[in-house]
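1. no FASTA, just this:
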């Protein structure tokens, strides 16, 4: 059969009868016969390939004038070039749309965080807007308790040494890109609460330096000799900082601190197995340092490095296991170790939002498949906000707005409640009032 009616032709071609009539008017697809009296159209079967091409290009959103030009082109090379150009335009449109969707998701998430009731169950107290406003004005920025000894200031913690005991005050300071960027309400209290939980949960793997907790922001710890490396264990490839695994990988590096990575990894993908990427501890900016380089530089002996590495992998396995029980993924984390004689001791903090990255497990696969950022319970969204403001550690950091400070505090509180299953308790006194009362003016 050489001729078929418009209805059958429409069904075979994937075009509607109305579309076929429209294409006839435009001269894109002219029927072989038209009944002058009834207007009924018939098409030759050999017109089907052209009709199907028109149907495909229409579904791809190509403008009709471009469709007409392409289907009439006889030179395959030129036709292919036109299709590649249209693909490029579609790709750009998809990226713009995806960026808008991500931006909208962040706005929605920020609104949810700011309005959420921060509690584990219906009986737990909430942090009200009024209490947040009070703490914004009373964050613990700097301490000066000279009666406790000489002050040593770190990125987040101030400490005072008296013999074999060190008093550590965990402030509300926030560090990002190795720079102080502001204070976050309740941050010091939350960091200590999370670290206390993990000290208990890992005490069978390695002893820690904690002796007592006289205040939610204050520790008494054993004085140790720090190992001059920060041991970072990574289970996933992600991050936006210069030392992050993804930033280095995206720049072309495949050997990160002695770990050989395969081609073809995607951002936020799980690694075949966790890797260790130590960084220098005593330099102004972090830099990745492999085992051989650390030993060659005289920072550690080979035996001490291997003992520390074994402990860190055990800690990461325990952290991964417990986080999974709470519906979270421990993505990567930093460990700091000290020495009491020959004994290795866990110091500083462990598995807190400052030293670790957490994602929600339930949405991980879907977001990875869609190429979207993971839902995070750490300070990574704040790092991304700083990057959006044009800050990556150089120059003056942008001032944190109250909304950003509250949203970041909310993430810290949510993580503490997710892990410990204990409601966050905001005292009537601000952090600076409470610590001053405990340690003295």
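-> Great, that's in hand. Everything numeric in this text was worked out from a predicted model, so none of it was measured. Numbering: from 1, shown residues only.

2. So what's the residue count around the closest residue to residue 324 other than its chain neighbours?
-> In space, and not counting its chain neighbours, residue 324 is closest to residue 361: 6.6 Å by Cβ to Cβ, 6 or more residues apart in numbering. C-beta: built from backbone N, CA, C; applies to glycine. As a burial measure, residue 361 scores 15 neighbours (other Cβ atoms under 10 Å).

3. Next up, the contacts around residue 361.
-> Residues near residue 361 by Cβ atoms under 8 Å, 6 or more residues apart in numbering: 324, 327-329.

4. Show me the contact partners of stretch 304-316.
-> 202, 205-206, 227, 229, 231, 233, 235, 274, 276, 291, 294-295, 300, 330, 333, 335, 337, 344, 346, 350.

5. filter these to the buried ones?
-> 202, 206, 227, 229, 231, 233, 235, 274, 276, 291, 294-295, 300, 330, 333, 335, 337, 344, 346, 350 (16 or more other Cβ atoms under 10 Å).

6. Among the residues you listed, which ones are in strands?
-> Mapping these onto strands (DSSP state E) picks out 229, 231, 233, 235, 274, 276, 330, 333, 335, 337, 344, 346.

7. Let me see the ranges of the helices in the stretch 101-250 of the chain.
-> Under the criterion DSSP state H, counting those that start in this stretch, the stretch 101-250 of the chain contains helices at 129-137, 187-201, 245-250.

8. And the longest one, what does it pack against?
-> Okay, so that is helix 187-201. strand 165-170, strand 210-215, helix 302-325, helix 402-420 (3 or more Cβ pairs under 8 Å, 6 or more residues apart in numbering; DSSP states H and E).

9. and among the ones you listed, the most buried is which?
-> strand 165-170 (a mean of 22; mean count of other Cβ atoms under 10 Å).

10. Just list what that strand packs against, helices and strands only.
-> In terms of contacts (3+ Cβ pairs under 8 Å, 6+ apart), strand 165-170 is packed against strand 157-162, helix 187-201, strand 218-222, helix 431-439.

11. what's next to that strand, contact-wise?
-> So strand 165-170 is in contact with 140, 143, 145, 148-149, 156-161, 188-189, 191-192, 209, 211, 217-223, 435, 439, going by Cβ under 8 Å, 6+ apart.

12. That strand pairs with which strands, parallel or anti?
-> Counting by DSSP bridges, the strands paired with strand 165-170 are strand 157-162 (antiparallel), strand 218-222 (antiparallel).

13. Looking at the helices and strands packed on helix 187-201, spot the one closest to residue 257.
-> Across the helices and strands packed on helix 187-201, residue 257 has its closest neighbour in helix 302-325 (11.3 Å, Cβ to Cβ).

14. if you skip the residues just before and after it, what's nearest to residue 3?
-> Here the residue nearest residue 3, using Cβ to Cβ, 6+ apart, is residue 42, at 4.9 Å.

15. Helix, strand, or coil at that neighbour?
-> Here residue 42 is strand, with the state taken from DSSP: H, G, I helix; E, B strand; the rest coil.

16. for the one 4 residues further on, same thing?
-> The assignment at residue 46 comes out as helix when based on three-state DSSP.

17. Can you report how many residues neighbour it?
-> 9.

18. Which of the helices and strands packed on helix 187-201 comes out lowest on mean pLDDT?
-> Among the helices and strands packed on helix 187-201, helix 402-420 carries the lowest mean pLDDT, at a mean of 87.
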